[in-house]
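Asker: how does the following fold in three dimensions:
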Amino acid sequence: MDRQDAMAAARSAASNAYAPYSNFHVGAAILTEGGRLYTGCNVENASYGLAICAERNAAAAMALSNPDDRNIRLVAVHSPNAAPCFPCGACRQVLREFGCKEVVVEDEDGLRSYPFDEILPNSFGPESL
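Answerer: Next up, the predicted model:
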């Protein structure tokens, strides 16, 4: 499993997004250190504040599936509506909770990879408590 596979899974997940209000579809794929892949899509709600992002849905699927493999090697994020499509602030904090090491996005030139510390510098995590 590599970045290309994770991005393909994120693209597929984006097609399942429930985005009737914004029409902004997002898919995410989390690849764990153990080599397992979890996907999620954004799910909107008429009460806008209750919408949940693709990255957090993928993290919830990961947490539910395997409590022994919750360390995130990378997350790939895709939207057919915006390229690149980076995780929002709330998603960055959730990804940080699980030790995310890398964020992969796509633009017109292909896949771009960023160390997680670059997109959430000086972050607050479990070790800060």
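
Asker: any stretches of the chain with poor pLDDT?
Answerer: Counting by pLDDT under 70, the chain contains no low-confidence range.

Asker: please repeat the previous calculation with a cut-off of 90.
Answerer: The chain contains residues with pLDDT under 90 at 1, 122-129.

Asker: please name the nearest non-neighbouring residue to the residue nearest the centre of it.
Answerer: Using C-alpha atoms, centre = their mean, the residue of the chain that lies closest to the mean C-alpha position is residue 55, 3.1 Å off. The shortest distance from residue 55 to any non-neighbouring residue, by C-beta to C-beta, 6 or more residues apart in numbering, is to residue 91 (3.9 Å). Any C-beta I mention is one placed from the backbone N, CA and C, and that applies to glycine too.

Asker: against residue 110, how distant is that neighbour?
Answerer: Distance of residue 91 to residue 110, given as C-beta to C-beta, to the nearest Å: 22 Å.

Asker: okay, the two: which has more neighbours?
Answerer: More neighbours surround residue 91 than the other of residue 91 and residue 110, with 26 against 8 (other C-beta atoms under 10 Å).

Asker: wait, a helix at residue 59?
Answerer: Yes. Assessed by DSSP: H, G, I helix; E, B strand; the rest coil, residue 59 belongs to a helix.

Asker: what residues are up against it?
Answerer: 30, 38, 40, 72, 94-95, 97-98 (C-beta atoms under 8 Å, 6 or more residues apart in numbering).

Asker: ok, so of those, who is nearest residue 20?
Answerer: residue 40 (17.6 Å; C-beta to C-beta).

Asker: residue 58 is in contact with that closest one, correct?
Answerer: Yes. With contacts defined as C-beta atoms under 8 Å, residue 40 counts as touching residue 58 at a distance of 3.3 Å.
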